[in-house]
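Enquirer: Structural data only, the sequence is not supplied:
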């Protein structure tokens, strides 16, 4: 009895120590998760605050130059937003001395910048234009705000470094917590077995004692009473110990399953029912059938012999085995880490297994979001650089091809060659537009579009394209609402989906277009967090093709992902569709099963207004006689533009960058229109150049050109109101029309 108490007391002491360690690590882990959340929140605040310093300075300067009260209002709004953002950041990093010290300097700089802006506005209000000009020329306000922006960039770098350190610490603590929890469970099971064996032994001793009393009942009565009393005390001790262990076991955050060799569950805790959706009476085979199980990458299926239960029942001991459980229906997938140990009987044979599951879905999702943000940022930078340089080349190619086609009308063979060049350049332009689309950095030109009319036009276009083996049908709701969207991008998206459907039906099939008004409710939004409940216009494109596996569906929107043979697909079609729909405030959903076809549904927000009228037939290129100041860093494009402008009757002055353009302006060079690229070397982009020119010559007309949309004149994928942009590559007729519009003749 004493040895049992000693074993029980030692076990409880060790269990309390393990529980205390587990609680301490859990508190620390939660603290680190909160630190990660705080860091992400700070990064979001900094991202929101980045454009504010330059906005404050630009608004004050614009008011001083123009006297427009709207700029004074903008200055007050931007100043208030900057002050609030810096104060919020100071409060958020008050526990980090280094970051707090950096932000204190930022606040001082920001306050100084706001004060300079206020002084500039006051000088303008007082009519002191000379003082305002002097203050602008000093450039202190811009320098101060540039310092604020640079300090915010340094703070972003530091916060990202801290995020990486805290994420690594959180993972390490998670592994330690799993090991401690596993040790605690194993100790509980060992204590339970020891106490059960002790209880059985005590019962056997009692039975022997009772048998002996039959021969010497009177002489042994006192001893039997004493032994009975001791046994009752031992049983009460076992009951109390079992209650403590059961309470501890049921309160664990990790899911625990104890199984026998047949896979029947002998013991489980409430966390198993919540985390694994386990129901009393289930076996591990039934539990496994509720989900598709994959390795940690979420792609490679986990075979039956690789399952945690199978490995533990083979005698393996393991920790930190990661897998993804994707429920067959209903609930979202979960990412789990499991540890397992075989349980052996007195002879050493395997009698069952203990499995402990830890849910790491939230941490993996945080990692995934960070990786996605970094990937999209890298793709956006790559896309911008490629589009800028490549579109410069295409501008020369397309324009030269136009000239060749016009000049070779009497030489049919050479004219056909020039047309081939022209078509190839057009294909290149479309590829660049796809790159911009999946990065969601294309400038949209939305109008009110008749959805049914667009679908009918696309269906007519597709019938000769897809061939007779594809049957095209349409089911269009007559009352479907109009949508405020870019019509060309919508047409391209429908064409992309139709071409993919054709490729999925090599032996022919059916293609169906459907439109309707739908309402997505709260229940749908709960399982699709990227959509806002409300009314939408649905466009569904269905085919009877080969369908897609779940693995393909998971990657279908990834840029450059394709299931086609090498050389037969760029992998940009569906990513372009996805980027366009998201940029337009919509939602996209794929429903597909292998050998049963695919349905892609586009949910677009409806708009009020009349359907846009079709574009008129192109007219002859208008001519002019004005002087155009051309600012283009690429010499090939610059020579092409000047030649095209000369052929249209315009006089030109061409320079390679903004500094050279400002030098001409300061020398008194006269011109009627500034035609400038947006992205240029030399530290002065097109928008900044236009602002500087307008300071010197108010009222200057400006026409921008660019093949890259992540710049000063494009925000949120749409052009600023009143800004004229000619997108590269462009045709001679497009150039002539935009020039007339910019000059005020159109």
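Expert: Sure, I can see it. Owing to the predicted nature of the structure, the values given are computational and were not obtained by experimental measurement. Numbers count the residues shown, from 1 in each chain.

Enquirer: quick one, phi psi at residue 701?
Expert: Listed backbone geometry of residue 701 is phi -80, psi 140, with angles given as degrees, to the nearest 10.

Enquirer: Settle this for me: it is touching residue 742, isn't it.
Expert: Yes. Under the contact definition of CB atoms under 8 Å, residue 701 touches residue 742, with a separation of 5.5 Å. C-beta here means a position set from N, CA and C on the backbone, and glycine is covered the same way.

Enquirer: Measure how buried residue 236 is and give me the count.
Expert: Applying other CB atoms under 10 Å, we find 10 other residues in the vicinity of residue 236.

Enquirer: Quick check: neighbours shared by residue 701 and residue 742?
Expert: Taking CB atoms under 8 Å, 6 or more residues apart in numbering as the contact criterion, the residues that touch both residue 701 and residue 742 are residue 673.

Enquirer: so how far is stretch 61-70 off the chain centroid?
Expert: The offset between the C-alpha centroid of stretch 61-70 and the centroid of the whole chain comes to 39 Å, using CA atoms, centre = their mean, to the nearest Å.

Enquirer: who touches it?
Expert: So stretch 61-70 is in contact with 71-72, 74-75, 120-121, 123-124, 132-133, 135-136, 141, 694-695, 698, going by CB under 8 Å, 6+ apart.

Enquirer: May I see the ChimeraX selection of the buried members of the residues you listed?
Expert: Here the buried members of those are turned into a ChimeraX selection, burial being counted by 16 or more other CB atoms under 10 Å:
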select :71,72,74,75,120,121,123,124,132,135,136,141,694,695
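
Enquirer: Please flag which of the contacts of stretch 61-70 sit within helices.
Expert: Of the contacts of stretch 61-70, the ones assigned to helices by DSSP state H are 71-72, 74-75, 120-121, 123-124, 132-133, 135-136, 141, 694-695.

Enquirer: okay, among those residues, which ones form the most distant pair?
Expert: Greatest spatial distance among the ones in helices among the contacts of stretch 61-70 (CB to CB): 74 and 133, at 20.5 Å.

Enquirer: coming back round to it: out of the ones in helices among the contacts of stretch 61-70, who's nearest residue 512?
Expert: Checking the ones in helices among the contacts of stretch 61-70 against residue 512 by CB to CB gives residue 74 as the nearest, at 50.0 Å.

Enquirer: Would you confirm that that closest one contacts residue 59?
Expert: Yes. In this structure, residue 74 is within contact of residue 59 by CB under 8 Å, at 4.1 Å.

Enquirer: Need the nearest residue in space to residue 317, chain neighbours excluded.
Expert: In space, not counting the residues next to it along the chain, residue 317 is nearest to residue 341; the distance is 5.4 Å by CB to CB, 6 or more residues apart in numbering.

Enquirer: Does anything pack onto the host helix or strand of the one you found? Which helices or strands?
Expert: Of the helices and strands defined by DSSP states H and E, residue 341 is found in strand 334-344. If you count contacts as 3 or more CB pairs under 8 Å, 6 or more residues apart in numbering; DSSP states H and E, strand 334-344 packs onto helix 140-215, helix 308-313, strand 318-327, strand 350-359, helix 361-407.

Enquirer: distance of residue 231 from residue 309?
Expert: Summarising the geometry, the distance separating residue 231 from residue 309, computed by CB to CB, to the nearest Å, is 38 Å.

Enquirer: Which of those two has more residues huddled nearby?
Expert: For residue 231 and residue 309, the more surrounded residue by other CB under 10 Å is residue 309, and the numbers stand at 22 against 17.

Enquirer: Name the nearest residue to the more buried one, sequence neighbours excluded.
Expert: Taking CB to CB, 6+ apart as the measure, residue 309 lies nearest to residue 284, with 4.6 Å between them; neighbours along the chain are not counted.

Enquirer: How many residues are close by that neighbour?
Expert: When counting by other CB under 10 Å, one arrives at 22 neighbours for residue 284.

Enquirer: what does residue 164 give?
Expert: By the measure other CB under 10 Å, the count of residues near residue 164 is 12.

Enquirer: Please report how far it lies from residue 314.
Expert: Summarising the geometry, the distance separating residue 164 from residue 314, computed by CB to CB, is 38 Å.

Enquirer: go on, residue 285?
Expert: In this structure, residue 285 lies at 16 Å from residue 314, with CB to CB as the measure.

Enquirer: Could you chop the chain up by domain?
Expert: In the domain annotation for the chain, the residue ranges read 1-250, 253-359, 451-604, 627-743 (automatic domain parsing).

Enquirer: tell me the average confidence for the first one?
Expert: It stands for domain 1-250. This predicted structure assigns domain 1-250 an average pLDDT of 72.

Enquirer: Next: the third one.
Expert: On average, the pLDDT along domain 451-604 is 78.

Enquirer: Relative to residue 397, which of the ones in helices among the contacts of stretch 61-70 is nearest.
Expert: Proximity of the ones in helices among the contacts of stretch 61-70 to residue 397 was ranked by CB to CB; the top entry is residue 694 with 33.0 Å.

Enquirer: Just to check, that closest one is in contact with residue 701?
Expert: No. If you go by CB under 8 Å, residue 694 and residue 701 don't touch, sitting 9.9 Å apart.

Enquirer: that older thread, list the contacts of the residue nearest to residue 309.
Expert: The contact partners of residue 284, taken as CB under 8 Å, 6+ apart, are 257, 259, 263, 265, 307, 309.

Enquirer: need those in JSON lines with distance to residue 239 and pLDDT, can you?
Expert: Below are these laid out as JSON lines (distance: CB to CB, whole Å; pLDDT from 0 to 100):
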{"residue": "257", "distance to residue 239": "25", "pLDDT": "90"}
{"residue": "259", "distance to residue 239": "26", "pLDDT": "92"}
{"residue": "263", "distance to residue 239": "31", "pLDDT": "89"}
{"residue": "265", "distance to residue 239": "24", "pLDDT": "90"}
{"residue": "307", "distance to residue 239": "36", "pLDDT": "92"}
{"residue": "309", "distance to residue 239": "31", "pLDDT": "91"}
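
Enquirer: ok, these vs residue 506, which is closest?
Expert: Using CB to CB, residue 307 comes nearest to residue 506 of the contacts of residue 284, at 37.8 Å.

Enquirer: Against residue 299, how distant is that closest one?
Expert: Distance of residue 307 to residue 299, given as CB to CB: 17 Å.

Enquirer: who has more neighbours, these two?
Expert: In this view residue 307 and residue 299 are compared by other CB under 10 Å, and residue 307 has more residues nearby, 20 against 12.

Enquirer: quick one, phi psi at the more buried one?
Expert: Note on residue 307: backbone dihedrals following degrees, to the nearest 10 are phi -60, psi 150.

Enquirer: Report the contact partners of it.
Expert: Counting by CB under 8 Å, 6+ apart, the residues that residue 307 touches are 284, 288, 293.

Enquirer: now, which of these lie within strands?
Expert: Counting by DSSP state E, the contacts of residue 307 place residue 293 in strands.

Enquirer: Please convert the contacts of residue 307 to JSON lines, extending it with distance to residue 645.
Expert: Formatted as JSON lines, the entries for those read as follows, by distance: CB to CB, whole Å:
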{"residue": "284", "distance to residue 645": "76"}
{"residue": "288", "distance to residue 645": "71"}
{"residue": "293", "distance to residue 645": "65"}
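
Enquirer: ok, so of the contacts of residue 307, who is nearest residue 515?
Expert: When the contacts of residue 307 are compared for distance to residue 515 (CB to CB), residue 293 comes out closest, at 39.1 Å.

Enquirer: Tell me how far that closest one lies from residue 327.
Expert: Here the distance between residue 293 and residue 327 works out to 10 Å (CB to CB).

Enquirer: again, but for residue 334
Expert: Computed with CB to CB, the distance linking residue 334 and residue 327 is 8 Å.

Enquirer: Those two: who's more crowded?
Expert: Neighbour comparison, residue 334 and residue 327: the larger count goes to residue 334, with 20 against 13 (by other CB under 10 Å).

Enquirer: and residue 592, what are its bridge partners?
Expert: Counting by DSSP bridges, residue 592 forms beta bridges with residue 598.
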